[in-house]
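Undergrad: Mind folding the following:
(one chain, ligands or ions: 2)
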Amino acid sequence: MNYIILDLEATCWEDKSTRMQNEIIEIGAVKLDEQGHQIDEFCEFIKPKLNQQLSEFCKKLTTITQTDIDRADTYDVVVEAFKDWIDIDEPYLLCSWGVYDKKQFEKDCNLYGLDTDWLYYHISLKHQYADIKGLERPIGMGGALRKEGLKLEGTHHRGIDDARNIAKIFKANLTEWEV
Ligand code: AMP
Ligand code: MG
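TA: Ligands and ions are numbered 1, 2, ... in the order given. Have a look, this model is predicted:
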């Protein structure tokens, strides 16, 4: 079975009370085999459907530019490419830091009327990490990296860099995850 360590970035606004719908603008993922060896990476930007102009807040948070998004394909196209890349006909497990990423995938699939069955095989590394380490509550990716003595490499809040960093935490605890 392959492990798909993934991280999404989405449209966002500084004002948390906004009723704007967040949409995925980047899928970053690392594919590991059962021994934790990296097989491949996936990194694609996505052009949102509802709000195509990124907020200043979102650009600053993610470092994703308007040009990145303008040039990108829409969610329906990119998610198909992502599912092909995962190879959903073979055994796989989606792994993310928390449940946000799975929920955001569901939202975007619903927005485009796409099936969500492929999201079923998913675990939250964040919640399992807290259990493994006996923490009182789940902690952020940055905190877990520090706890592992690992460096936060690349740019935090870029999907591909977050996925690579989460993959390092995953590998450091390879035998501990409940699949
Ligand atoms: P992350 O994987 O932590 O980079 O976050 C994924 C997405 O969650 C981001 O692309 C934003 O849409 C949203 N997000 C993360 N942090 C914040 C924040 N401090 N304020 C608003 N939205 C955020
Ligand atoms: Mg991220």
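Undergrad: longest helix anywhere in this protein?
TA: When every helix of the chain is counted residue by residue (DSSP state H), the longest turns out to be helix 159-172.
Undergrad: Please name the residues that touch the nearest residue to Asn2 once chain neighbours are set aside.
TA: Taking Cβ to Cβ, 6 or more residues apart in numbering as the measure, Asn2 lies nearest to Tyr92, with 4.9 Å between them; neighbours along the chain are not counted. (Glycine included, C-beta is placed from N, CA and C.) For Tyr92, the contact set (Cβ atoms under 8 Å, 6 or more residues apart in numbering) comprises Met1, Asn2, Tyr3, Ile4, Ile86, Tyr121.
Undergrad: Ok, Val79 next?
TA: For Val79, the contact set (Cβ under 8 Å, 6+ apart) comprises Ile27, Phe105, Asp108, Cys109, Tyr112, Leu114.
Undergrad: check which helix or strand covers it.
TA: Taking DSSP states H and E as the criterion, Val79 maps to helix 75-86.
Undergrad: And for whichever residue of the chain sits closest to ligand 2, the neighbour number?
TA: Residue nearest to ligand 2 within the chain: Asp162 (3.5 Å; Cβ to the ion). Other residues near Asp162 number 27, with proximity taken as other Cβ atoms under 10 Å.
Undergrad: How about Ile5?
TA: A total of 27 residues lie near Ile5 under the criterion other Cβ under 10 Å.
Undergrad: Over to Gln53?
TA: As a burial measure, the neighbour count of Gln53 was computed by other Cβ under 10 Å and equals 12.
Undergrad: Thanks again, I'm all set now.
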